[in-house]
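Undergrad: coords below, sequence missing:
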Ligand code: AMP
Ligand code: ZN
């Protein structure tokens, strides 16, 4: 059973007590690593510093740069011989980050993912196919072990090869898949291109989508294309991987599992907590990590706590769909824009397909935004109709992002598509 009722519906005061107890343990554990032992000594911090959860604020933030500059094992809190897995994510520059796991860490992570899957209705009778890569990307092994823990029949199909994915889904009566949103769309299109309707011709009921920002409009599209309920899942390698926060059947925000992490939301500039319900950067402290505890880790992901309680009965707080990462924000002509704002508008037009690309370029003395978006295959090639549509889209985008982009409607399948997370923005501006 992965409905952990006692923990999932624990009264808030008891949950906070549990957090405080685990925070003390985490700090004592973190102190065994080279990085934190030096830091705690310098700042005179230790587990006695935390008499209440508020005291966590006395600890400095940990950043991705800290992980990089203590590559590879500066954060290890147990001897390497006791670690059983290493995940590494490469940045574009400098050292990659390394995350170490003990067997107990991997067990806790599998339980966490199994809990999420159970929450959205998966049972041991389900057939689960995972379309994530099984290498360093934690969406592969993370979901694999979670689904096995739940007892489902698992199909580790891994990334790509849409024809084979479709064959497995059809032949093995797959009921649930995990996919990144851009791949879920590809898969749906694959079925339609082969003359199949996934709503009727498959047994699919549930989709887990995450790993990249997507809009509510995109979710709705995917749900109606595949005939499934799609649940947003959030995770990151530094916090194990998938399962950190997950949507419940209400599909209105993601419960963040507060027995595994302490979540704070801070203003990314002042680093002070934001007012309840306001958007800011998510900061996470692990509570059950043995090999590599992290204290106040700055995720760079922007979200907010959703005030109030959830009708599903779970007491762990909910966070909102992610607005993006602070480093994804486009600044154009002094205006701040998130790609997801653009997606939200594009997805409202049924004449448009699912793929788009935002290019920032310098034209003469000005920086401009070009938005190329694929047409849906059902749509016309009548020039005047397309021109009218382009105008309407441009107008709505201007209302949303407060400047006027150049919009270009392009043929279906003409924009580049990779296997991994979708690339939505190309910045070709001079001096950036
Ligand atoms: P990685 O550690 O490479 O798996 O990447 C983790 C990052 O993916 C997070 O920090 C987020 O920026 C992004 N991410 C993961 N899940 C979601 C989600 N459900 N919605 C939006 N972004 C996500
Ligand atoms: Zn709920």
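TA: Yes, it's here. This structure is a prediction, so every number in the text was calculated from the model and none was measured. Ligands and ions are numbered 1, 2, ... in the order given.

Undergrad: near ligand 1, which residues of the stretch 101-250 of the chain show up?
TA: 138, 210-213, 232-237 (Cβ under 6 Å from any ligand atom). Using the backbone N, CA and C atoms, a C-beta is placed for each residue, glycine as well.

Undergrad: out of the residues you listed, which are buried?
TA: Neighbour counting by 16 or more other Cβ atoms under 10 Å classes 138, 210-213, 232-237 among these as buried.

Undergrad: need the residues of the stretch 301-432 of the chain near ligand 2, please.
TA: Counting by Cβ under 5 Å from the ion, the residues of the stretch 301-432 of the chain close to ligand 2 are 310, 312, 314.

Undergrad: list the ones among those residues that fall in helices.
TA: Members of these lying in helices (criterion: DSSP state H): none.

Undergrad: between these, which has the most around it?
TA: residue 314 (19 neighbours; other Cβ atoms under 10 Å).

Undergrad: let me know the distance separating the residue nearest to that residue when sequence neighbours are not counted from ligand 2.
TA: Excluding its sequence neighbours, the residue lying closest to residue 314 (Cβ to Cβ, 6 or more residues apart in numbering) is residue 8, at 4.8 Å. Residue 8 sits 9 Å away from ligand 2, going by Cβ to the ion, to the nearest Å.

Undergrad: was I right about residue 8 contacting residue 115?
TA: Yes. Between residue 8 and residue 115 there is a contact under Cβ atoms under 8 Å: 7.3 Å.

Undergrad: so residue 146 sits right up against residue 110, yeah?
TA: Yes. With contact defined as Cβ under 8 Å, residue 146 and residue 110 form a contacting pair (5.4 Å).

Undergrad: report how many residues lie close to the residue lying closest to residue 132 once chain neighbours are set aside.
TA: Nearest non-adjacent residue to residue 132, counting by Cβ to Cβ, 6+ apart: residue 139, 3.6 Å away. Other residues within reach of residue 139, judged by other Cβ under 10 Å, total 25.

Undergrad: sec struct for residue 139, please.
TA: helix (DSSP: H, G, I helix; E, B strand; the rest coil).

Undergrad: and the pLDDT for the closest residue to residue 101 other than its chain neighbours?
TA: Excluding the flanking residues, the one nearest residue 101 by Cβ to Cβ, 6+ apart is residue 85, at 4.4 Å. For residue 85, the model assigns a pLDDT of 98.

Undergrad: quick one: residue 39 from residue 122, how far?
TA: 41 Å (Cβ to Cβ, to the nearest Å).

Undergrad: coming back round to it: what residues of whichever strand or helix holds the residue nearest to residue 101 count as buried?
TA: Assigned by DSSP states H and E, residue 85 belongs to strand 83-89. Of the residues in strand 83-89, 83, 86-87, 89 count as buried by neighbour count, 16+ other Cβ under 10 Å.

Undergrad: make a markdown table from these and add distance to residue 200 to it.
TA: Putting the buried residues of strand 83-89 into a markdown table (distance: Cβ to Cβ, whole Å) gives the following:
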| residue | distance to residue 200 |
| --- | --- |
| 83 | 48 |
| 86 | 44 |
| 87 | 39 |
| 89 | 39 |
